[in-house]
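K.L.:
Here is the input, now give the coordinates:
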Amino acid sequence: MASLEGDIPIRVVLPWIGAAAVVYLLAGPIATTTPGTSIMIALGTLVIVIAALSTEAAIYILICSMLLSPELSASQGGIAEERSVAIRMDDILVLLIGFSWFAKSAIQKELGVFPHTPLNRPIIFYIAACALSTAIGIMAGRISALSGIFYVLKYVEYFIIFFMVTNYMTTTKQAKAFLNTALMTCAIICVYGILQIPGGGRVTAPFEGQAGEPNTLGGYLVLMGAIVIGLYLTSNSQRKRRWLMAMVGLIAVPLLFTLSRASWVGASGMYLALIILSERRVILIGSAVLIVALSPILVPEQVTFRALSTFQEVPGYSATERLGGFALDPSASARVTTSRRAFEAWQESPIWGYGITGAGIFLDGQYFRTLVELGLIGTFGFFWLVWTAFRVGKHNFMNAKSEFSKGLSLGYIAGLVGLLIHSIGSTTFIILRIMEPFWLMTAIVLLLPTIEEVEQEVEEEIQHEELPTSPLARRSKARMLKQHRIVRSRDLIRSHLDKEWH
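P.N.:
Predicted coordinates:
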């Protein structure tokens, strides 16, 4: 071991040198900024340090921040964009942790960065389409360079979570811990939502600003509800099923009171997918019949009014649209109008689109927004990505070796169906607060069956290892075997993924 004068090991001195350098670099900015900004700099530095020391800790921070992080400010979009987009702590956390993770992976090359998965190519293609369309929009003068870069990052930042989890997760225990943390976060969000109900108005997630975004909360709850129901339908433990059923009820109440029609339709599609795929469809059908029969008693008046008002024309509103002979309310009419405008604009630039925010039309629908902003190339990339995610879920559902893996895959497929329907009335697949948990679940669902196989192989390899009798040597040997298990598991997981998907 190399050392300095006085036999002090370099590995002891280097962290102190690094800490002193960080303090020196931060001292100037902190001294000249406001206390709030100084706190943000300190917290950002702490997050980077934590992420550098422990990828697992960084993942837990991201999971806990989902829907629980505050809005910091708002940034205007493209030159013609009609609405600002909020910058949240989630955005900063994802980018800081992603930067730290990339740096750590570059130093420790044995960790790798992008394990080979069937989603890599569609993700890269979609990111390239976003960047290329926006770059063309910047060169054409439709989008400012700064906002263009900002929006591209907003569209793709959640992929960092997917790659971090697939790069790091090697055990079923970790998968369950990540999922349980996500469910606990969801429970907190639901309780917060329920506490808003007596105050009237629409239920929304914490830190959503003055207006709130009930549609965002609704999409999140559709996904998490699907995961919980999927686990319930495949579990053979009565204790677990009781807890999961309680969680379903906890999710259903705020979902209703979001008064988000896109979320309700998405939840219906999610439930139908569960009926089609589950072996316990009798339970689902019976529950649906019972809910419909009791709906006049159970469903609150404001929920019924919101649903019926969809096809009620507002007197004096001149922009009313009609669908199948039925007049739509102002909110639904506005979506139809902007979608028509987007389709007409797309015909002027069908291949590349206008770039992100370049069309100057604010759209509350994923499909027309993708079409007009990214053109046919980006729309192809989007559907390729979605189809591959669906294929991964279905493949692992059919080949699952445990009730946990099967239930999670079942819920994931149904949740994806629900989000695709939700996307008709919301830009679901570019909303970080929905996409963070979605890509976390995607990574877990993708890896779980492979991990279950690998765990058995690794245990068979090391089960014949004998531990020394000396306590010190025994602990040293145990640490060595633990490290061997991690490295060997990571290598086998990547090898199995290559064979399974190619």
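
K.L.:
how about the CA coordinates for stretch 166-173, as CSV?
P.N.:
C-alpha atoms of stretch 166-173 as CSV (Å, rounded to 0.1, in the frame of the first residue of the first chain):
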residue,chain,number,x,y,z
THR,A,166,-31.0,-2.3,-14.1
ASN,A,167,-27.3,-1.6,-13.5
TYR,A,168,-27.5,-2.0,-9.7
MET,A,169,-30.2,-4.5,-8.7
THR,A,170,-29.0,-8.0,-8.3
THR,A,171,-31.3,-9.6,-5.7
THR,A,172,-35.0,-10.3,-5.1
LYS,A,173,-34.6,-8.7,-1.7
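
K.L.:
from here on, count from 31
P.N.:
All set: I'll call the first residue 31, so the last point we hit is now stretch 196-203.

K.L.:
In it, which residues are buried?
P.N.:
The neighbour-count check on stretch 196-203 (16 or more other C-beta atoms under 10 Å) flags 196-202 as buried. Yep, even glycine has a C-beta here, placed from its N, CA and C like the rest.

K.L.:
Next one: residue 415 from residue 159, what distance?
P.N.:
Per C-beta to C-beta, to the nearest Å, residue 415 is found 10 Å from residue 159.

K.L.:
Please say which of the two ends up with more neighbours.
P.N.:
Taking residue 415 and residue 159 together and counting by other C-beta atoms under 10 Å, residue 159 has the greater number of neighbours (25 against 20).

K.L.:
Work out for me the element that one sits within.
P.N.:
helix 150-169 (DSSP states H and E).

K.L.:
Taking helix 150-169 as reference, get the angle to the helix ranked longest in the chain.
P.N.:
The residue-count maximum for a helix in the chain (DSSP state H) belongs to helix 396-429. Helix 396-429 runs at 170 degrees relative to helix 150-169, counting by axes from the mean of the first three to the mean of the last three C-alpha atoms, to 10 degrees.

K.L.:
check contacts around residue 472.
P.N.:
Residues near residue 472 by C-beta atoms under 8 Å, 6 or more residues apart in numbering: 149, 192, 419, 422, 442.

K.L.:
right, and the helix or strand after the helix holding residue 159?
P.N.:
Taking DSSP H and E, what comes next after helix 150-169 is helix 175-186.

K.L.:
Mind listing what's buried along that following helix?
P.N.:
Of the residues in helix 175-186, 177-182, 184-186 count as buried by neighbour count, 16+ other C-beta under 10 Å.

K.L.:
mean confidence score for it?
P.N.:
Mean pLDDT, helix 175-186: 87.

K.L.:
now do stretch 454-472
P.N.:
For stretch 454-472, the per-residue pLDDT averages 93.

K.L.:
how long is that stretch end to end?
P.N.:
Start and end residues of stretch 454-472 are separated by 21 Å (C-alpha to C-alpha, to the nearest Å).

K.L.:
in the protein, which residue is closest to the centre?
P.N.:
residue 466 (1.9 Å; C-alpha atoms, centre = their mean).

K.L.:
Just to check, that residue is in contact with residue 96?
P.N.:
Yes. Contact status for residue 466 versus residue 96: in contact at 4.8 Å, counting by C-beta atoms under 8 Å.

K.L.:
so what sits against both of those two?
P.N.:
Shared contacts of residue 466 and residue 96, defined by C-beta under 8 Å, 6+ apart, are found at residue 120.

K.L.:
Residue 377: neighbouring residues, count only.
P.N.:
8.

K.L.:
tell me which element residue 216 is part of?
P.N.:
Using DSSP H and E, residue 216 falls in helix 202-226.

K.L.:
Any buried residues in that helix, and which?
P.N.:
So helix 202-226, judged by 16+ other C-beta under 10 Å, has buried residues 202, 204-205, 207-209, 211-213, 215-216, 219-220, 222-223, 226.

K.L.:
same thing with stretch 421-430?
P.N.:
By neighbour count on 16+ other C-beta under 10 Å, the buried set for stretch 421-430 is 422-427, 430.

K.L.:
Distance to residue 291 for these - can I get that in a markdown table?
P.N.:
Output for the buried residues of stretch 421-430, formatted as a markdown table (distance: C-beta to C-beta, whole Å):
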| residue | distance to residue 291 |
| --- | --- |
| 422 | 30 |
| 423 | 26 |
| 424 | 28 |
| 425 | 33 |
| 426 | 32 |
| 427 | 29 |
| 430 | 34 |
